[in-house]
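*Asks:* what would the 3D arrangement of this be:
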Amino acid sequence: MHELRSRRWKGAFNTVLNDLRARHVSEPVELGRKVLSGYHHQWRIVAGWRIQADFGEPAPRRIDILIPENFPDTWPRIALVDRPDFLTWPHVERDGILCLLPNVAEMDADNPAGIVANLLGRGASLIQDLIAGPMVERDLKDEFLTYWRYDLTTLDGRVTSILRPEGPSREVSVWQGNRIKVIGETEDDVRTWMRNRFGEAATKRSRIERGAMVWLDTPMLPSEYPRNGRDLLDLAEAAGPEAVETLARIAVDRQDSIMTIIGADGRFGPGLVAVALPLPGKGRLPRAKCTDPINKGFRPKHLPTALLVKRTFGIEPVIRTDANRADAPWIHGRGQDPRTRRLIESTVTVLGCGSVGAPVAVTLAQAGVGHINLVDMEDLAWANVGRHPLGAASVGKNKAVELAAKLRADYPHATFTPFATNAETVIANPALLMASDVVVSTMGSWRAEGRLNDWHVREDRPLPIVYGWTEAHASAGHAVVIAKDGGCLRCGVSRTGVPTFRVSSWPEGGSGAMEEPACGAHYQAYGPIELGYINSLIAEAALDCLLDKPTTSTHRIFAARRSLMDRAGGSWSPEWIAAYPERGDGGFVVERPWPHRRCSHCLGAVAA
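*Replies:* Just a heads-up that it's a prediction; the model follows:
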């Protein structure tokens, strides 16, 4: 049977067999092809043995040790042969394989006998606990999403929930489309999400129906999963009168189907599942002779509501499927990140949507910031595409507008507002800035950033501003947080906006810039990889401002690796060497106080 196996596989197989013989009184029985074929093909089981184990019951239970094709690099499986019906015990797959290790577990492939011994010990402990009983109901409820998925009637990947995963039971809205079914709290929520995700045209092909959220005090056991309409109504009755009344109201509408989301809190957080009940006569049961099985015996609109509900929620089978969560807490931390709620409620304004500002905005959106304003008056050029999150499709179009459209489609639960204008216009009408929790400025223009700083100081610095920029060839990056106390931006720069503390130095006092074959057209030859560290530095500073509002201005600096500086023809600046003489190789981040020279601007001398 094992002639075609590798020498390594055979060696591991024989090592395990000899160890089993030494540990067990009875000889392990090698499994034949027929038994092996009964195990799920995904495990690629090619060999194994059967042993017997005594758990203090009248008769021992049979256990299969299953060896996969890639053993010992892939761990073996342990299966319980003598077991109750599927979904009676938790942690037991349909074919009897026991769930013993998390999906991130690693093992020592050089110790195959130890691997099997360890798994057998885990399996024996699990079986003993299952026989004892107390863990059975607890784990079936705590991990009810897992066991629900084992008992689906269809895997409809279109069902997408943007609901709040919490009680009480309530009516919700359902977008019924060919590509997606979106369940949201209100019709406006659903339309907004669809518009963000698929564009304005999607909202014109709308078919929004009423649905129900049934919130249970405790998760369902597999024996309580609804099989038909009557079971669904029984669950609603267990949830309380609000759930029953919601289903009854929807039944009166005579929709083709009633979509119900069932939710409950498990040990590891809330879980949602989906049940669709077709209108009697539109599901899988044979259609009754009458054209309308619900109204049978009654003239239209004369059927008593109680009887209508009873006939709607009858023996028609329900469709049990997954509810794919797309709500913000799930996307940003799978419902377990305590920062999510605060970030969702935050507003950030990004001034400048170039190769620094745009990636910073993307990162903040990924982190969960709920509202981002994007300000930039320029169009995307071909030369920008190599280090910008927007691609060729956006060339010749406004950066802010295009970036907002991209982010809305990628994160339809959040709000992204573009402003195709310059910063001076925003500063002159600062309502946008004042409505923000943090402003991020990556404009690279001293004229604009000087005006922003002057406005900030005049208003007594009502919110933190993060200024971000790169040095030549991305040899260093800076994130300066100007807070309520400490220096303003002008405290750390010259009258022309040149920072007083720089990391890099370039020949003949230059900036390391290169020139295009056009008059006065200069650029820096670096790409997204070098920029990635700097963009992360700036985004992290902004995120920290949102989560723990700073009180004093600070300066974060990223110094690139020395090899990058050498290739570009630069060197460390004298002030950098003096401050960090022991870090000549670069490749690190430091945080320093931002200078506070008490300049005339800090002292309130900025003209209104």
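*Asks:* quick one: low-confidence ranges for the stretch 1-150 of the chain?
*Replies:* Along the stretch 1-150 of the chain, segments meeting pLDDT under 70 span 1-4.
*Asks:* buried ones in stretch 555-572?
*Replies:* 555-560, 562, 564-565, 568, 570-572 (16 or more other C-beta atoms under 10 Å). Every residue, glycine included, has its C-beta placed from N, CA and C.
*Asks:* repeat for stretch 93-113
*Replies:* Those would be E93, D95, G96, I97, L98, C99, L100, M107, P112, A113, for stretch 93-113 by 16+ other C-beta under 10 Å.
*Asks:* got the contact list for the fourth one?
*Replies:* It refers to I97. Residues in contact with I97 (C-beta atoms under 8 Å, 6 or more residues apart in numbering) are Y39, H40, W43, L66, R77, I78, A79.
*Asks:* what about the stretch 151-300 of the chain, any weak spots by pLDDT?
*Replies:* Residues of the stretch 151-300 of the chain that meet the cut-off, pLDDT under 70, sit at 205, 281-293, 295-300.
*Asks:* also the stretch 401-550 of the chain?
*Replies:* For the stretch 401-550 of the chain, the ranges with pLDDT under 70 are 509-525.
*Asks:* hmm, back to that, the buried residues of stretch 555-572: which two are farthest apart?
*Replies:* Across the buried residues of stretch 555-572, the longest distance by C-beta to C-beta is 23.0 Å; it joins H555 and A568.
*Asks:* burial check on L546, number of neighbours?
*Replies:* By the criterion of other C-beta atoms under 10 Å, L546 has 21 neighbours.
*Asks:* which one is it nearest to, not counting chain neighbours?
*Replies:* Once flanking residues are discounted, L546 sits nearest to S346: 4.9 Å by C-beta to C-beta, 6 or more residues apart in numbering.
*Asks:* and the pLDDT for the one you found?
*Replies:* On pLDDT, S346 comes in at 98.
*Asks:* same question, E575
*Replies:* For E575, pLDDT reads 95.
*Asks:* residues in contact with the closest residue to V438 other than its chain neighbours?
*Replies:* Closest residue to V438 apart from its sequence neighbours, by C-beta to C-beta, 6+ apart: C545 at 4.6 Å. Residues near C545 by C-beta under 8 Å, 6+ apart: D437, V438, P464, V466, V481.
*Asks:* E57: which of those residues is nearest?
*Replies:* D437 (62.6 Å).
*Asks:* look up the closest residue to that closest one, ignoring the ones flanking it.
*Replies:* The shortest distance from D437 to any non-neighbouring residue, by C-beta to C-beta, 6+ apart, is to S346 (4.8 Å).
*Asks:* report the buried residues of the strand or helix carrying L537.
*Replies:* In this structure, L537 sits in helix 528-547 according to DSSP states H and E. For helix 528-547, the neighbour count (16+ other C-beta under 10 Å) marks 530-531, 533-546 as buried.
*Asks:* now for those residues, which pair is the farthest apart?
*Replies:* Across those (C-beta to C-beta), the longest gap, 26.3 Å, separates E530 and L546.
*Asks:* and F13, how many residues sit next to it?
*Replies:* The number of residues packed near F13 is 20, by other C-beta under 10 Å.
*Asks:* same deal with R210?
*Replies:* Neighbour count of R210, defined by other C-beta under 10 Å: 19.
*Asks:* pretty sure it contacts I250?
*Replies:* Yes: with contact defined as C-beta atoms under 8 Å, R210 counts as touching I250 (4.8 Å).
*Asks:* report the set of residues contacting both of the two.
*Replies:* The contact sets of R210 and I250 overlap at E171 (C-beta under 8 Å, 6+ apart).
*Asks:* show me the contacts for the closest residue in space to I344 that isn't next to it in sequence.
*Replies:* Excluding the flanking residues, the one nearest I344 by C-beta to C-beta, 6+ apart is G370, at 4.1 Å. G370 is in contact with A328, L343, I344, E345, S346, T347, A414, T415, counting by C-beta under 8 Å, 6+ apart.
*Asks:* same thing but at 10 Å, please
*Replies:* For G370, the contacting residues are 328, 332, 340-348, 411, 413-416, by C-beta atoms under 10 Å, 6 or more residues apart in numbering.
*Asks:* what does P278 give?
*Replies:* By C-beta under 10 Å, 6+ apart, P278 lies in contact with G229, Q255, D256, S257, I258, R284, L285, E316, P317, V318, I319.
*Asks:* how close does the third one sit to Q176?
*Replies:* Computed as C-beta to C-beta, to the nearest Å, the D256 to Q176 distance reads 9 Å.
*Asks:* quickly list what's touching both of those two.
*Replies:* Joint contacts of D256 and Q176 (C-beta under 10 Å, 6+ apart) are E209.
*Asks:* many thanks, have a good one.
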